[in-house]
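> Please find the sequence and the predicted model below.
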Amino acid sequence: AGLDYEINKKTSLGINFQSQYRDWRMDARTTTAISKNGNILQQVVDSYESNELIRLLSNIHLKHAFSTKSKITVDYDYITFHRNNPSKYTTMSQETEGPEEYGNFISKSETPLDIHVVKADYQYTLSESISIETGVKSTFSEFKNNVMVANMTDGEYINDPRFTDKFMMNEKIYAAYASADWKMSDKLKLKSGVRYEYYDLNLESVNLNNILARKQGNLFPSLHLNYNLSKEKDLTLSFAQRIERPGFLILAPAFYFFDRNTLFTGNPNILPARSTQYKADLRIKGIATSLQYSESKLPVYNMQP
């Protein structure tokens, strides 16, 4: 749902709201065979997992034109996210010549997350051939992750201290950027920019106390050059540096057990990845050829050890 209101010819105010609910369930069986000294140990795990997700997003934005050459846009976004993930496991182990052993255990993960984003962008047309844009942005994130694993012992569930804890993460990101578009001639166009970003991240838990504390500033330049060789030919060269941050579901130390000895979990130690990209595009009579080279340090991906 959204609403835009024109206060006057130069100023407008808008709000919008989005919500999402997802109820994801899984009933699965995992079979693992382990061979040792001629004996085969077979482990069977029946798991029932429930994954309930609620996400709410809201935005307020203000646009104002100072003149036909300059305008400003101010945005505030609020995102709240809640994930409830209980799972129940029934295990069975049997050796080649031995009795069957049964066991039950459960896991729970509950992750509430709040994100506040404030940004302002200013555009100014200096002349018919030059325009500039600049802006600032701040993001404040906070999540809590309550995780628990309990084993059935003598008819009651006993918490496993290795996998039971409460994690808290706070992250602050501050950024500023400036860019310029310059039509140098009828054939040559240049767009360049630079972005500075500073982030402050803290992760701690009830049992482990302080786990991570990171503070870092980064500068990300970009350059885009377009040259019109003729009416049917043009060449574009570009260079950019970017950063990719691990998502909260990658960082949050929730887990899924394949058997009693094998599990998949989030990893709070994953660092942001910085990448450098070079690209060349050549277009001749509607046929485009592109050559791209990119290099990424410490890339972010799921199931990363």
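Looks like it arrived, so ask away.
> Now do the buried residues in the strand or helix carrying Glu52.
Glu52 is located in strand 39-65, with elements delineated by DSSP states H and E. Within strand 39-65, the residues scored as buried using 16 or more other CB atoms under 10 Å are 43-45, 47, 49, 51, 53, 59, 61, 63. Quick note: C-beta positions are derived from backbone N, CA and C, even for glycine.
> Now Asn51: closest residue in space, sequence neighbours ignored.
The spatial neighbour of Asn51 that comes closest, neighbours along the chain excluded (CB to CB, 6 or more residues apart in numbering), is Trp24 at 4.2 Å.
> Would you agree the one you found is in contact with Asn84?
No: Trp24 is beyond contact range of Asn84, at 11.0 Å (criterion: CB atoms under 8 Å).
> Between the two, which contacts overlap?
Counting by CB atoms under 8 Å, 6 or more residues apart in numbering, the residues touching both Trp24 and Asn84 are 50-52.
> Buried residues, stretch 201-213. List them.
Buried-residue list, stretch 201-213, by 16+ other CB under 10 Å: 201, 203-205.
> And stretch 282-290, by the same measure?
For stretch 282-290, using 16+ other CB under 10 Å, the buried residues are Arg283.
> picking that back up, wait, what's in contact with the residue nearest to Asn51?
Residues in contact with Trp24 (CB under 8 Å, 6+ apart) are 50-53.
> Let's verify the nearest residue to Asn302 once chain neighbours are set aside: helix, strand, or coil?
Nearest residue to Asn302, sequence neighbours excluded (CB to CB, 6+ apart): Ile250, at 6.3 Å. Following DSSP: H, G, I helix; E, B strand; the rest coil, Ile250 is assigned to helix.
> Let the chain start at 17 from now.
New numbering, starting at 17: the last item is Ile266.
> What are the neighbouring residues in contact with Ile266?
282-283, 286, 316, 318, 320.
> Most neighbours of all those residues, which one?
Neighbour counts for the contacts of Ile266 (other CB atoms under 10 Å) peak at Gly282, which has 24 neighbours.
> Now that one: phi and psi?
The phi/psi pair for Gly282 (degrees, to the nearest 10) reads phi -70, psi 160.
> Run through the stretch 117-266 of the chain and note the low-pLDDT ranges.
Applying pLDDT under 70 to the stretch 117-266 of the chain picks out residues 117.
> And Arg261, how far from Gln34?
22 Å (CB to CB, to the nearest Å).
> again, but for Asn100
From Asn100 to Gln34 the distance is 20 Å (CB to CB).
> and the two? which has more neighbours close in?
Asn100 (16 against 12).
> Glu68 is in contact with the more buried one, correct?
Yes: contact between Asn100 and Glu68 holds when scored by CB under 8 Å: they sit 4.5 Å apart.
> Now the contacts of Trp40 in CSV, please, with extra columns for pLDDT and distance to Arg230.
Compiled in CSV, the contacts of Trp40 are given as follows (pLDDT from 0 to 100; distance: CB to CB, whole Å):
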residue, pLDDT, distance to Arg230
Ser66, 92, 33
Asn67, 89, 29
Glu68, 93, 31
Leu69, 92, 27
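> Export these to a markdown table and append columns for distance to Gly233.
Below are the contacts of Trp40 laid out as a markdown table (distance: CB to CB, whole Å):
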| residue | distance to Gly233 |
| --- | --- |
| Ser66 | 42 |
| Asn67 | 37 |
| Glu68 | 38 |
| Leu69 | 34 |
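> now, among those, which is nearest to Leu19?
Leu69 (26.5 Å; CB to CB).
> Excluding sequence neighbours, find me the nearest residue to the closest one.
Arg38 (4.4 Å).
> what residues are up against that neighbour?
Arg38 neighbours (CB under 8 Å, 6+ apart): 67-69.
> Check Asn162 too.
124-127, 182-183.
> now do 6 Å
In this structure, Asn162 makes contact with 126, 182, judged by CB atoms under 6 Å, 6 or more residues apart in numbering.
> Remind me which helix or strand it belongs to.
strand 146-169.
> Direction included, what does that strand pair up with?
In the sheet, strand 146-169 lines up against strand 116-141 (antiparallel), strand 172-175 (antiparallel), strand 181-199 (antiparallel) (DSSP bridges).
> Show me what counts as buried in it.
Judged by neighbour count (16+ other CB under 10 Å), strand 146-169 contains these buried residues: 147-148, 151, 153, 155, 157, 159, 161-166, 168.
> Relative to the strand holding Glu68, what are the paired strands and their orientations?
strand 27-52 (antiparallel), strand 86-100 (antiparallel), strand 103-110 (antiparallel).
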